[in-house]
Each structure stands twice: as C-alpha cells, then as structure tokens.
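Engineer: Show me how the following folds:
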Amino acid sequence: MSKAGASLATCYGPVSTHVMTKAENIRLLILDVDGVLSDGLIYMGNNGEELKAFNVRDGYGIRCALTSNIEVAIITGRKAKLVEDRCATLGDCPSLSGTVE
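Structural biologist: Got it, this is the predicted structure:
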C-alpha cells in the first residue's frame, strides 16, 4: 500500500482496494476556497479587512496530499491576501486569486 493509501486508511478507517487503486493515480488536487475550504461566509473587520474561517482538517488533508506527492492548487474568484497566506502555511501549495477569465 502506498504512503497515500496508508494515510487514507489511518484517517478514515478501512478503504477498499478498488478505491485505493484509483486514489494512487491522483497527481493533482485543485480546490476552490469559498464554500469548499471555508464556510462560505465573508467576515469583515472594523478596518475593512476580509476574514475567512478555514478548517484545520482541510489543512491536514492538504498536507497529507502534499506529502504523498500529490500537487495541490487553491483557486478563488476573490482577490484575498489571506488565501495566499493560508497556502504559504500549508507548504508548497500555489494559489490563484482574483477574477479568472
């Protein structure tokens, strides 16, 4: 069983061989921010700063993917430095923010 398989089995209990075989072929994971990596709400601070709540379990999953040689990219339609900062804390995880044509 690959390193990715061991992580999935450890985190989520038994995983079928069929699912593990399919999962071993994953090379890239692309995730949106709003409503996927966050609760979908945008919090505004008193000084106009934009805040989002990220779940640490998502961060752990991204780290597991990265350590299993799966590339991860984060995209969002909104320009937000906090998304870039979150990606930087997770490791080698590029982000693309702002309007995407």
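
Engineer: Can you say which helix or strand has A73 in it?
Structural biologist: Secondary structure assignment for A73, by DSSP states H and E: strand 71-76.

Engineer: in that strand, what's buried?
Structural biologist: Across strand 71-76, burial judged by 16 or more other CB atoms under 10 Å covers V72, I74, I75, T76. The way it works is simple: take the backbone N, C-alpha and C, and place the C-beta from them, glycine included.

Engineer: Please dump the residues you listed into JSON lines; it should also carry pLDDT and distance to V36 for every row.
Structural biologist: Listed next are the buried residues of strand 71-76 as JSON lines, based on pLDDT from 0 to 100; distance: CB to CB, whole Å:
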{"residue": "V72", "pLDDT": "92", "distance to V36": "12"}
{"residue": "I74", "pLDDT": "89", "distance to V36": "9"}
{"residue": "I75", "pLDDT": "86", "distance to V36": "10"}
{"residue": "T76", "pLDDT": "85", "distance to V36": "9"}
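
Engineer: from those residues, which single one is nearest A88?
Structural biologist: I74 (10.7 Å; CB to CB).

Engineer: Now do the helix or strand containing R86 against strand 71-76, angle only.
Structural biologist: Using DSSP H and E, the element containing R86 is helix 81-90. Put simply, helix 81-90 runs at 170 degrees to strand 71-76, going by axes from the mean of the first three to the mean of the last three CA atoms, to 10 degrees.

Engineer: Which other helices and strands does helix 81-90 contact?
Structural biologist: For helix 81-90, the packing partners by 3 or more CB pairs under 8 Å, 6 or more residues apart in numbering; DSSP states H and E come out as helix 56-67, strand 71-76, strand 95-97.

Engineer: ok, 6 Å please
Structural biologist: Contact here means 3 or more CB pairs under 6 Å, 6 or more residues apart in numbering; DSSP states H and E; on that basis helix 81-90 packs against strand 95-97.
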